[in-house]
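Asks: This is a predicted model, with the sequence first.
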Amino acid sequence: MYSERQIKLWFKKIRNDSYSDLCLSSKVHIELMGFTGYSSPFTGDVYINLDKINNSNYTKDGMVGLIAHELAHQVSYRKRSFIGKWIFLWNYYFSLKKRCEVEKEADEITIQRGYGKELISEITSEYEYYSDDREMLKFIKKVYSTPNDIKRLIRKYSKK
């Protein structure tokens, strides 16, 4: 079981070590919500559902992967204007194609910043958590990078 303090310490370390160019003002909040993690395009903050994490056998690497992925969204959001963020949100929630692009972009940023192994652990934890929910598992596999996609990206960026 993870504590709020552990999550905040990991968040601070990842933010300061790998995302300091854009995300030093980001904070982490522990919230009950439908998602495992969420990154706000307007406040710059990251929200983690600790109850869900603690009920789904996340490893420390999986937690680090989740935090790094949510911070990667912040890297993407910081490129947009206020109006651009609203358009982005509209497209994200009403276009499955756009949602896939956004999540895969965040995965790619996560890998570029050195968290590929942890991202594999995170998506594997999601697969395990939703193993009894075929519809949700199908959705996750469609929207997010698979472990094999992540491995390909790790190889791609390790060559550069």
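Replies: Here it is on my side, so go on.
Asks: Please tell me the pLDDT value assigned to the most centrally placed residue in the chain.
Replies: Nearest to the mean C-alpha position of the chain, by Cα atoms, centre = their mean, lies residue 69 at 2.8 Å. Per-residue pLDDT puts residue 69 at 97.
Asks: now swap in residue 33 and tell me
Replies: 86.
Asks: Which residue is the nearest non-sequential neighbour of it?
Replies: Nearest residue to residue 33, sequence neighbours excluded (Cβ to Cβ, 6 or more residues apart in numbering): residue 49, at 5.3 Å. C-beta coordinates here come from the backbone N, C-alpha and C atoms, glycine included.
Asks: ok, now which ones touch the one you found?
Replies: 30, 31, 32, 33, 34, 35, 36, 37 (Cβ atoms under 8 Å, 6 or more residues apart in numbering).
Asks: Pick out the most distant pair among these.
Replies: 30 and 34 (14.8 Å; Cβ to Cβ).
Asks: higher neighbour count, those two?
Replies: The neighbour comparison of residue 30 against residue 34 (other Cβ atoms under 10 Å) goes to residue 30, with 16 against 7.
Asks: Identify the bridge partners of the more buried one.
Replies: Note on residue 30: beta-bridge partners by DSSP bridges are residue 48.
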